[in-house]
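Participant: my questions concern the predicted model and sequence given below.
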Amino acid sequence: MMINKDIRSASTLPSSFYTDDATWETIMKQIFLRSWHFIEDSNVVQLPNNVYPFTLLEGALNEPLLLSCDETGQAHCLSNVCTHRGKILIEHPGQCKQIVCGYHGRKFDLNGTFKFMPEFSDANNFPSPCDNLPKLELKTWNKLLFTSIDPAFSFEEWIEPIRKRLDWIPFHEFRYSPENSQDYLVNAHWALYCDNYLEGFHIPYVHPTLNEVIDYKNYTTELFPLSNLQLGIAKGAEMMFDIPAGIADSGKKIAAYYFWLFPNLMLNVYPWGLSMNIVKPIHKRLTRVQFRTYIWKQDLFEQGASQMLERVEREDEHVVELVQKGVRSTLYNQGRYSPKREQGVHHFHSLISKYL
Ligand code: FES
Ligand SMILES: [Fe+2]
């Protein structure tokens, strides 16, 4: 699925990308196994001798993993599958000094090292390195933890543009707000949800309320190797960042930084805080979008932010679900890009074609 590098001549991904079973499997192997995923906030494994099991992309990858914090306070991301016959090791978060398999008693350190196995004294070449639990890279950006099964690119090059651009924002002061966080189930392919996110072109048509506060004319998209940034400019005296002098963006009336990181992470930074959207594929026509809200300035948040987020999300879901129905049509295959308004979508499709 080649995407022409020149947006002026390019056509969008063909509809088979969204509908074909074999392509879905390729997407999982070539993109999701090889990219970076948000796991949780670091406080879930802050204390020594703690474990936190989780499933990476439930429904799609279904990879059982385990966060642990060893006795020295070092955090690890391990496979949660016993290296003997494959039982899931830890079922619930909690405290423990070592990992003990509940099937035949194999024991591991909290850093994944094999320690002991009953009834194996006659086994040859045992234990060997493959009896240890596979260990994945564990990375942090502020208080957020990330991992990847088989990364095609480094975490540092992936996170660099947002880290650099927004280093003046005190993310460590942001407070996770579970009461303002929720999951949305969307009846559409995960990439259609991202396609829609990656252009502001639809704002005047789909989001009349948002359109009242965002200056559509001055909406811009900037491309980075593995991410892009849409800048929402405030129309009037609406809520905007108070950017300190000496920062590249100071003097601009920025209402929102919409960062998208390949393939499925959206970091929307507003004057009141951060709305993180993780787009999780479940199957070809179903996606879970996890919204997590982190509040920086409570007073600003209370000026209608959550109602606006909810409203815009519902409007996006509606339109994305209609596109899902459309791409299944035998009479539709692909379209063209607006060179002025769809650079983000073209960028996303180009990255998909690169990694598939
Ligand atoms: S499966 Fe874990 S000890 Fe047998
Ligand atoms: Fe939208």
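Facilitator: That came in fine, so what should we check first? Numbers count the residues shown, from 1 in each chain. Ligands and ions are numbered 1, 2, ... in the order given.
Participant: can you list contacts of the helix-or-strand element of the chain with minimal mean pLDDT?
Facilitator: Here the helix or strand of the chain ranked lowest by mean pLDDT, DSSP states H and E is helix 208-213, holding a mean of 94. The contact list for helix 208-213 (Cβ atoms under 8 Å, 6 or more residues apart in numbering) reads Ile203, Pro204, Ala234, Lys235, Gly236, Glu238, Met239, Ala255, Met308, Arg311, Val312. Just so you know, the C-beta spots here come from the backbone N, C-alpha and C atoms, and that holds for glycine as well.
Participant: ligand 1: which of these is nearest?
Facilitator: Val312 (47.2 Å; Cβ to the nearest ligand atom).
Participant: so Phe291 touches Ser275, yeah?
Facilitator: Yes. Using Cβ atoms under 8 Å, Phe291 is in contact with Ser275, at 6.4 Å.
Participant: check contacts around the residue nearest the centre of the chain.
Facilitator: For the chain, the residue sitting closest to the mean C-alpha position, by Cα atoms, centre = their mean, is Leu265 at 3.0 Å. Leu265 makes contact with Trp36, Phe38, Met276, Asn277, Ile278, Val279, according to Cβ under 8 Å, 6+ apart.
Participant: may I ask you to name the longest helix in the protein?
Facilitator: helix 305-327 (DSSP state H).
Participant: what's that helix in contact with?
Facilitator: 15, 18-19, 180, 184, 186-189, 192-193, 195-197, 202, 206-207, 209-210, 270, 272, 275, 285, 289, 291, 293, 332.
Participant: next, the residue in the stretch 151-300 of the chain that ligand 1 sits nearest to: phi, psi?
Facilitator: Nearest residue of the stretch 151-300 of the chain to ligand 1: Pro151, at 27.8 Å (Cβ to the nearest ligand atom). The phi and psi values for Pro151, taken as degrees, to the nearest 10, are phi -60, psi 130.
Participant: with adjacent residues omitted, what lies nearest to it?
Facilitator: Closest residue in space to Pro151, ignoring its immediate chain neighbours: Arg34 at 6.2 Å, by Cβ to Cβ, 6 or more residues apart in numbering.
Participant: mind listing what that neighbour touches?
Facilitator: Listed by Cβ under 8 Å, 6+ apart, the contact partners of Arg34 are Ser148, Ile149, Asp150, Pro151, Ala152, Tyr355.
Participant: checking the third one next. Helix, strand or coil?
Facilitator: Think Asp150. Following DSSP: H, G, I helix; E, B strand; the rest coil, we place Asp150 in the coil state.
Participant: would you agree it is in contact with Ile31?
Facilitator: No. Counting by Cβ under 8 Å, Asp150 does not reach Ile31; the two are 11.1 Å apart.
Participant: who's more crowded, those two?
Facilitator: More crowded of Asp150 and Ile31, by other Cβ atoms under 10 Å: Ile31, with 20 against 9.
Participant: separation between that one and ligand 1?
Facilitator: 31 Å (Cβ to the nearest ligand atom, to the nearest Å).
Participant: could you do Asp109 as well?
Facilitator: 15 Å.
Participant: same question, Lys115
Facilitator: 12 Å.
Participant: and for that residue, the neighbour number?
Facilitator: Neighbours of Lys115 (other Cβ under 10 Å): 14.
Participant: please apply the same query to Asn228.
Facilitator: The number of residues packed near Asn228 is 22, by other Cβ under 10 Å.
Participant: just the CA trace of stretch 311-329, in CSV.
Facilitator: The C-alpha trace of stretch 311-329 is given here as CSV (Å, rounded to 0.1, in the frame of the first residue of the first chain):
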residue,chain,number,x,y,z
ARG,A,311,-19.5,16.8,23.1
VAL,A,312,-16.6,16.9,20.6
GLU,A,313,-15.9,13.2,21.2
ARG,A,314,-19.6,12.2,20.5
GLU,A,315,-19.6,14.3,17.3
ASP,A,316,-16.3,12.6,16.2
GLU,A,317,-17.6,9.1,17.0
HIS,A,318,-20.7,9.8,14.9
VAL,A,319,-18.8,10.8,11.9
VAL,A,320,-16.2,8.1,12.2
GLU,A,321,-18.9,5.4,12.5
LEU,A,322,-20.4,6.7,9.2
VAL,A,323,-17.0,6.5,7.5
GLN,A,324,-16.7,2.9,8.8
LYS,A,325,-20.0,2.1,6.9
GLY,A,326,-18.7,4.0,3.8
VAL,A,327,-15.4,2.3,3.5
ARG,A,328,-17.1,-1.1,3.3
SER,A,329,-19.0,-0.1,0.2
